[in-house]
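Novice: Any chance you could fold what I've pasted below:
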Amino acid sequence: MMSCTACGACCAAFRVSFHRAELDEEPGGFVPSGLADPETASIMRMRGTDYSPPRCVALVGQLGRDARCGIYEWRPGPCREFEAGSEACARARARHGLPPWAS
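Specialist: Residues are numbered from 1 along each chain as shown. Model prediction:
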């Protein structure tokens, strides 16, 4: 798997929804609750990811150059599951004029 510590395209391309049990205010949770908004009674979303264009509130830096997740250790499940170099990664990068990851 590729490392993606400088891109950030996925953080500015998709809505990030996750179960509220991942919030730090819940037992065993870790996502900072101040960075999420309720989507439903049980689903939260990272602030900024439902804007047009989306940009996660936790994204720090300039896309494609020095961008990084400001809460990497506490990011929600969808962010943990996202794969650098995947088809979704290529779509996110293309939205920002970036080429796909080279293998």
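Novice: elements contacting the longest helix belonging to the chain?
Specialist: As assigned by DSSP state H, the longest helix anywhere in the chain is helix 87-95. In terms of contacts (3 or more Cβ pairs under 8 Å, 6 or more residues apart in numbering; DSSP states H and E), helix 87-95 is not packed against any helix or strand. Quick note: C-beta positions are derived from backbone N, CA and C, even for glycine.
Novice: Return the set of buried residues in that helix.
Specialist: Residues of helix 87-95 classed as buried by neighbour count (16 or more other Cβ atoms under 10 Å): 89, 92-93, 95.
Novice: do the same with stretch 48-61
Specialist: Buried residues in stretch 48-61, counted by 16+ other Cβ under 10 Å: 48-49, 54-59.
Novice: All the strands of this protein, residue numbers only.
Specialist: Under the criterion DSSP state E, the chain contains strands at 17-19, 36-38, 43-46, 59-60, 68-69.
Novice: quick revisit: take the buried residues of stretch 48-61 and lay them out in a markdown table including distance to Glu39 and pLDDT.
Specialist: Formatted as a markdown table, the buried residues of stretch 48-61 follow (distance: Cβ to Cβ, whole Å; pLDDT from 0 to 100):
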| residue | distance to Glu39 | pLDDT |
| --- | --- | --- |
| Gly48 | 13 | 97 |
| Thr49 | 10 | 97 |
| Pro54 | 14 | 96 |
| Arg55 | 17 | 97 |
| Cys56 | 14 | 98 |
| Val57 | 15 | 98 |
| Ala58 | 17 | 97 |
| Leu59 | 19 | 97 |
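Novice: quick one: low-confidence parts of the protein?
Specialist: Applying pLDDT under 70 to the chain picks out residues 1-5, 103.
Novice: Would you state the helices of it in chain order?
Specialist: 77-81, 87-95.
Novice: and stretch 23-35, which residues are buried?
Specialist: 23, 29, 31-32, 35.
Novice: Could you tell me the end-to-end distance of it?
Specialist: With Cα to Cα, to the nearest Å as the measure, stretch 23-35 spans 10 Å from end to end.
Novice: ok, how many other residues are close to the nearest residue to Glu26 once chain neighbours are set aside?
Specialist: Nearest non-adjacent residue to Glu26, counting by Cβ to Cβ, 6 or more residues apart in numbering: Arg20, 6.4 Å away. Arg20 has 18 neighbours, counted by other Cβ atoms under 10 Å.
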